[in-house]
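> please work out how this folds:
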Amino acid sequence: MDMDRRTVLKGTGGIVAASALAGCLGGDDEPEGDMAIWHELGEGELAIFDDMVAEFEDETDHDIAVSEVGDLEDRVETAVAAGEGPEMWSWAHDWVGNHWDRGFLADASEDLTIDLDEVFTDAAVEAVQPPGTDAVAGLPAAGETISLFYNPELIDEPPESLDEMLDIAEEYHNPQQGEYGFSQDVNVYTFSWALQAFGSRIFEVDENGDAHLGVDDDEMHEGMEIARDLYEFMPRDLEYDAQVTPFTEGNVPLHMNGPWAVSDFNDQDADFEVAELPAIEGGEASPYTGIDVWYFSDMINEDEDRKDVTIEFGEYYTTNEEFAQRWADEQFYIPVLQDIDEDGLPDEVAAFQSAFAQGVAMPVDARMNQVWEPLEDAMTAVLTDDGDIAEEFSAAGESIRDSWDE
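Numbering: from 1, shown residues only. Model (predicted):
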């Protein structure tokens, strides 16, 4: 399973009526518009995106068919595998390897009119290239990762260290009154900042293509100890809404999340600021980082005219400095355009940039798909069932390796 962080963390993807997708999923109708896009953007993100689409349509007279699709991964896999679906979809870069291997993506490297190395940051360029290839399977739009949110109505300054963070959490923890010292969603992606803090990596591929799992490393077990220490001050319900709602209601001083949460927090008039990740004695918080990618579907090879519009739209959108600035100003996403003036970015973006700089890019190797669920199950067993870290993580490792051998 892929780390479906947008569905799990944001919960904003709406299920689109079948009739709305008829042109993309087959049937009697011709494909919609001059090209079609599927997405699971949040409300604030979608407002910016809709403005950009309208501007593009006005300037080019093209008609872009945009559909919000719940369960985006399942829909994409079903549609493209059947030779249907959109020309483009939006998601973080961790789908690149799996979707490339399965033939869902097209190489647009010979069709682009821009030089990626001159336009985007190195991390963004690397994110859109399937492992071991020079292909370009999409275009990068923004960077994202986890960082520390805090309530300025409860604490004047964010903690600078993990020890300070734990002290604040203990001081404010009063579950009988619905108040908690800390909250965050519990999954591999969101707790990667702690799991990888002492140098171990959840999943790595060496120069020979061999995979290494960090689940048996003492350093990762030490990182899981951080998660267990923080769990003492968290709501017992590990579901996303149960962790977020106390924070947005002003009953939690400290919370971990990413820029995708900003729309919801603003909609709920939550009091929040974004700070850098806390210093960790003997290590460094190392969260997974992601690049939002607008993927080129293999469907672009079905119609040359629609392919041309898709390439034109992708380049227009991802190189538009005005909209990159809006993503940063309004949603706190990290720009990936080289020409964006970092001095003009909000302080919150600077905090996410700091976390991004010390983070680890999500693996794109398809074998990572078998890592998420067993490791998350092991984490949950440690937190909720008082499981032994080494034993639970070792069992997860065996399950993951067995799945690779199947």
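> from now on I want contacts and neighbour counts done on CA atoms only, so please keep to that.
Will do.
> measure the closest residue to residue 353 other than its chain neighbours to residue 279 for me?
What sits nearest to residue 353 in space, not counting adjacent residues and going by Cα to Cα, 6 or more residues apart in numbering, is residue 334, at 6.4 Å. Counting by Cα to Cα, to the nearest Å, the gap from residue 334 to residue 279 is 21 Å.
> higher neighbour count, the two?
Using other Cα atoms under 10 Å as the criterion, residue 334 and residue 279 rank with residue 334 on top: 28 against 17.
> bridging residues for that one?
In this entry, residue 334 is beta-bridged to residue 143, by DSSP bridges.
> quick one: contacts for it?
Contact partners of residue 334, counting by Cα atoms under 8 Å, 6 or more residues apart in numbering, are 142, 143, 144, 327, 328, 349, 352, 353.
> burial count for the last one?
Taking other Cα under 10 Å as the neighbour definition, residue 353 ends up with a count of 22.
> then it would be within a helix, right?
Yes. Under DSSP: H, G, I helix; E, B strand; the rest coil, residue 353 falls within a helix.
> residue 211 against residue 363, yeah?
No. Using Cα atoms under 8 Å, residue 211 makes no contact with residue 363, being 10.8 Å away.
> so what sits against both of these two?
203, 204.
> neighbour-wise, which of those two wins?
A count of neighbours by other Cα under 10 Å puts residue 363 above the other of residue 211 and residue 363, at 23 against 15.
> so the more buried one: helix, strand or coil?
Going by three-state DSSP: residue 363 is coil.
> could you find the closest non-adjacent residue to it?
Per Cα to Cα, 6+ apart, closest to residue 363 is residue 94, 6.2 Å.
> quick one: contacts for that neighbour?
Contacts of residue 94 by Cα under 8 Å, 6+ apart are 2, 290, 362, 363, 364.
> check what pLDDT the third one gets.
When you say that, I think you mean residue 362. Residue 362 is assigned 93 on the pLDDT scale.
> strands along the chain, start to end?
35-39, 64-68, 88-92, 138-145, 147-150, 182-183, 203-205, 211-213, 254-257, 273-275, 288-296, 360-361 (DSSP state E).
> ok, the last one: who's next to it in the sheet?
Right, strand 360-361. strand 288-296 (parallel).
> equivalent analysis for the third one, please.
In the sheet, strand 88-92 lines up against strand 35-39 (parallel), strand 288-296 (antiparallel) (DSSP bridges).
> out of those strands, deepest packed?
Comparing the strands paired with strand 88-92 by mean neighbour count (mean count of other Cα atoms under 10 Å), strand 288-296 comes out on top with a mean of 26.
> quick one, helices of the stretch 101-250 of the chain?
Assigned by DSSP state H, counting those that start in this stretch, the helices in the stretch 101-250 of the chain fall at 116-119, 122-127, 162-172, 192-195, 218-231, 240-248.
> now these as a markdown table including mean neighbour count, mean pLDDT and distance to residue 104?
Listed next are those as a markdown table, based on neighbours: other Cα atoms under 10 Å; pLDDT from 0 to 100; distance: least, Cα to Cα, whole Å:
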| stretch | mean neighbour count | mean pLDDT | distance to residue 104 |
| --- | --- | --- | --- |
| helix 116-119 | 15 | 96 | 22 |
| helix 122-127 | 20 | 95 | 16 |
| helix 162-172 | 17 | 98 | 42 |
| helix 192-195 | 26 | 98 | 28 |
| helix 218-231 | 19 | 98 | 34 |
| helix 240-248 | 20 | 96 | 30 |
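> and the ones you listed as JSON lines, adding distance to residue 207?
Listed next are the helices of the stretch 101-250 of the chain as JSON lines, based on distance: least, Cα to Cα, whole Å:
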{"stretch": "helix 116-119", "distance to residue 207": "23"}
{"stretch": "helix 122-127", "distance to residue 207": "16"}
{"stretch": "helix 162-172", "distance to residue 207": "34"}
{"stretch": "helix 192-195", "distance to residue 207": "23"}
{"stretch": "helix 218-231", "distance to residue 207": "22"}
{"stretch": "helix 240-248", "distance to residue 207": "37"}
